[in-house]
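Participant: The amino acid sequence is not available; the structure is as follows:
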């Protein structure tokens, strides 16, 4: 029974860990990958139930090492998907975030790269904007005193520091575009930064948009915050 319980916990772990790489390399579709999470939770629960039965009925067959492995594998297989579900419930089901909700920056060089993306390149619209206002009221246009060229260069450096793929840096028009690819699933999210002159100050707006998925689990808003922080770090150097 010890072998069976350990095997089921291992299967649970694999059902949760492998969907990301399998989707990333085109072996399974997204629906199948997410189904793996569900069955991973079921398998993790089954492993813990069997471990309890083993403890009650065949305690002499148990070892501390194998039991610890079952618990760790099973708890991770249950906790990770449930954590993602809780995150999804705590944020609005949107995937297009901008510091300017009236006139969001428009993708230029990235637009053709999104031609076949499920989420269109156009801004998601007022319904999405209203949900953003409720969830992320702190995301506003940034004000800087540095020259436009210096800000464009700083944004470019910040994007590189964060490991994003730089697609376009147009100092004359104040546009920087980059793509961030997630490690686990390989999801591609696009970012555009717009720098405009307004008198003696520069207005900086950032937009981050997922190529796939109705909800971004708060990733685009977090990405904008991360870029803001990295930009300030670069400018302070």
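Facilitator: Happy to help now that I have it. Here the structure is a predicted model, which means the values were calculated and not measured.

Participant: Every contact and neighbour count from this point should use C-alpha atoms.
Facilitator: Fine.

Participant: quick one: which helix or strand includes residue 179?
Facilitator: In this assignment (DSSP states H and E), residue 179 forms part of strand 175-181.

Participant: Spell out which strands sit alongside that strand in the sheet and which way each one runs.
Facilitator: Strand 175-181 sits in its sheet next to strand 165-170 (antiparallel), strand 188-198 (antiparallel), going by DSSP bridges.

Participant: Next secondary structure element downstream of the last one?
Facilitator: Elements were assigned by DSSP H and E; along the chain past strand 188-198, the next helix or strand is strand 201-210.

Participant: Can you spell out which helices and strands pack onto that following strand?
Facilitator: Where contact means 3 or more Cα pairs under 8 Å, 6 or more residues apart in numbering; DSSP states H and E, strand 201-210 is packed against strand 96-98, strand 142-144, strand 188-198, helix 219-236.

Participant: Repeat the analysis, applying 6 Å as the threshold.
Facilitator: strand 96-98, strand 142-144, strand 188-198 (3 or more Cα pairs under 6 Å, 6 or more residues apart in numbering; DSSP states H and E).

Participant: Out of these, which is closest to residue 221?
Facilitator: When these are ranked by distance to residue 221, counting by Cα to Cα, first place goes to strand 96-98 at 6.2 Å.

Participant: related to what we said a few turns ago, please identify the most buried of the helices and strands packed on strand 201-210.
Facilitator: By mean neighbour count, with neighbours taken as mean count of other Cα atoms under 10 Å, strand 96-98 ranks first of those at a mean of 28.

Participant: in its sheet, what does that one sit against?
Facilitator: Looking at strand 96-98 with DSSP bridges, its paired strands and their directions are strand 201-210 (antiparallel).

Participant: Provide the contact partners of the partner strand at residue level.
Facilitator: For strand 201-210, contacts defined as Cα atoms under 6 Å, 6 or more residues apart in numbering pick out 95-99, 141-145, 189-196, 220.

Participant: repeat for stretch 61-78
Facilitator: The contact list for stretch 61-78, computed with Cα under 6 Å, 6+ apart, reads 6, 9, 12, 13, 16, 40, 41, 44.

Participant: Ok, stretch 176-187 next?
Facilitator: Here stretch 176-187 has contacts from 20-21, 24, 164-169, 188-193, using Cα under 6 Å, 6+ apart.

Participant: what about residue 219, neighbour count?
Facilitator: Using other Cα atoms under 10 Å, residue 219 is surrounded by 17 other residues.

Participant: Kindly apply the preceding question to residue 209 instead.
Facilitator: 28.
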